[in-house]
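J.: need a 3D model of the sequence below.
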Amino acid sequence: MLLANLRPLFAGLLLFVSPAANADNSDVAIEYDAPDPDIDAAVNACLESEGVSLLKEHDAICYNAAIFPEEFMQLATMPETGRIVISSPGGNVATARMMSRILDERDEPILIAGQCMSACAMVIVPGADELQIHRTAHIAVHGIAMMGFQDWFGWLKQGAEPSRADFMMASLGYNLGYTMHKSGRDHMAGHLEGQYVDQAYIDIISERMQEAALAYPCRVKPNEYWGMIDSGHLKRFLGDRITHLEDYDQTWEAPGRTLFRDKVVSISDQTYIFARDHKEAGCGS
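T.: Numbering: from 1, shown residues only. Modelled structure (predicted):
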């Protein structure tokens, strides 16, 4: 039955427009929770393991893996626990929606610890009905996800304008690169709508990354930028779904706390490029 329920996720999805895309978090009051010994114990055990496992002594499931079917389908067969600890570098957005559906079916609190990158931040976090954030968390969106075709087309071409033929080819799905980009964008929009989360949750981060990228003297591909999600953003869009919130890794201004500090080039306080992508693009050479 669960597998049958997953099939509708692959139906066509329409991009909807959010009126709150330019909202900021300056008026969001944040009160951080103190560390919890039980949560710390579960997180430590999970981050020291790999894959998907049952942490019986902590009444928790550990998901320390990328978002692939072989891994997340294990969740459907595991016994109910007090929480599911998730640390993940992410995966395909459409695939992550299937994992989010499994988590909806299970209905346990989701505890984010360590890296929560890409589809973890974009799909799993806004899909959680009860969300807990550990102080080790690094939550980051992958790519300027909501970029339209005109900006996407000219991004690495000195702002070149697409022709009418280019627009037509893209609309018919013959521009493979843009088709893949748009598929992720549409899945993202459909997922947020289905989870009753304003699309501005992703629009704001995408726009912030694009502004930082435009101000930076060298460009990489649109999908090679990363944007950190801060606690004000989470509280604004997820509100009471967050039941435990520790002061986690949110900007590059906290010395020694950022998980990937030695592997990235920061281009703003919350936007960065991995050093390997920065180097391959010829930036800083």
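J.: now stretch 131-140 - C-alpha only, PDB.
T.: Provided in PDB are the C-alpha atoms of stretch 131-140 (Å, rounded to 0.1, in the frame of the first residue of the first chain):
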ATOM      1  CA  LEU A 131      11.000  18.900  13.800                       C
ATOM      2  CA  GLN A 132      13.900  19.000  16.300                       C
ATOM      3  CA  ILE A 133      17.300  20.800  15.500                       C
ATOM      4  CA  HIS A 134      20.500  19.800  17.200                       C
ATOM      5  CA  ARG A 135      23.300  22.200  17.700                       C
ATOM      6  CA  THR A 136      25.500  20.200  15.300                       C
ATOM      7  CA  ALA A 137      23.200  20.800  12.400                       C
ATOM      8  CA  HIS A 138      24.300  22.400   9.100                       C
ATOM      9  CA  ILE A 139      21.200  23.000   7.000                       C
ATOM     10  CA  ALA A 140      21.900  24.200   3.400                       C
END
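J.: how far off centre is it?
T.: Centre-to-centre, stretch 131-140 and its host chain are 12 Å apart (CA atoms, centre = their mean, to the nearest Å).
J.: and the contacts of that stretch?
T.: With contact meaning CB atoms under 8 Å, 6 or more residues apart in numbering, stretch 131-140 is reached by 35, 39-40, 43, 47, 83, 109-118, 120-121, 125, 226-229, 231, 234, 238, 241-249, 258-260. (Glycine included, C-beta is placed from N, CA and C.)
J.: and what of stretch 60-79?
T.: Residues external to stretch 60-79 that are found in contact with it (CB under 8 Å, 6+ apart): 2, 42, 45-47, 49-55, 81-92, 95-96, 98-99, 102-103, 105-106, 108, 111, 114, 119-120, 124.
J.: quick one: which of those sit in strands?
T.: Among these, the members found in strands (DSSP state E) are 51-55, 83-88, 111, 114.
J.: only the buried residues of stretch 142-150, if you could.
T.: By neighbour count on 16 or more other CB atoms under 10 Å, the buried set for stretch 142-150 is 142-147, 149.
J.: in a markdown table: these, plus secondary structure and distance to Val265.
T.: Output for these, formatted as a markdown table (DSSP: H, G, I helix; E, B strand; the rest coil; distance: CB to CB, whole Å):
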| residue | secondary structure | distance to Val265 |
| --- | --- | --- |
| His142 | strand | 16 |
| Gly143 | coil | 16 |
| Ile144 | coil | 16 |
| Ala145 | coil | 20 |
| Met146 | coil | 23 |
| Met147 | coil | 20 |
| Phe149 | helix | 27 |
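J.: can you lay out the residues you listed as a markdown table showing distance to Pro69 and pLDDT?
T.: Shown next, in a markdown table, are the buried residues of stretch 142-150 (distance: CB to CB, whole Å; pLDDT from 0 to 100):
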| residue | distance to Pro69 | pLDDT |
| --- | --- | --- |
| His142 | 19 | 93 |
| Gly143 | 22 | 94 |
| Ile144 | 27 | 94 |
| Ala145 | 22 | 89 |
| Met146 | 26 | 90 |
| Met147 | 28 | 91 |
| Phe149 | 30 | 91 |
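J.: could you dump the residues you listed into CSV and include distance to Pro162?
T.: Formatted as CSV, the buried residues of stretch 142-150 follow (distance: CB to CB, whole Å):
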residue, distance to Pro162
His142, 24
Gly143, 19
Ile144, 17
Ala145, 19
Met146, 18
Met147, 13
Phe149, 7
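J.: am I right that Gly282 is in a strand?
T.: No. Gly282: not assigned to a strand; according to DSSP: H, G, I helix; E, B strand; the rest coil it is coil.
J.: phi and psi next, for the residue lying closest to it once chain neighbours are set aside.
T.: Excluding its sequence neighbours, the residue lying closest to Gly282 (CB to CB, 6 or more residues apart in numbering) is Cys218, at 7.2 Å. Dihedral angles phi and psi of Cys218 (degrees, to the nearest 10) take the values phi -140, psi 140.
J.: check contacts around Cys218.
T.: By CB under 8 Å, 6+ apart, the contact set of Cys218 is 278, 281-284.
J.: rerun that using 10 Å as the cut-off
T.: By CB atoms under 10 Å, 6 or more residues apart in numbering, the contact set of Cys218 is 265, 267, 273, 278, 281-285.
J.: fine by me, thanks again.
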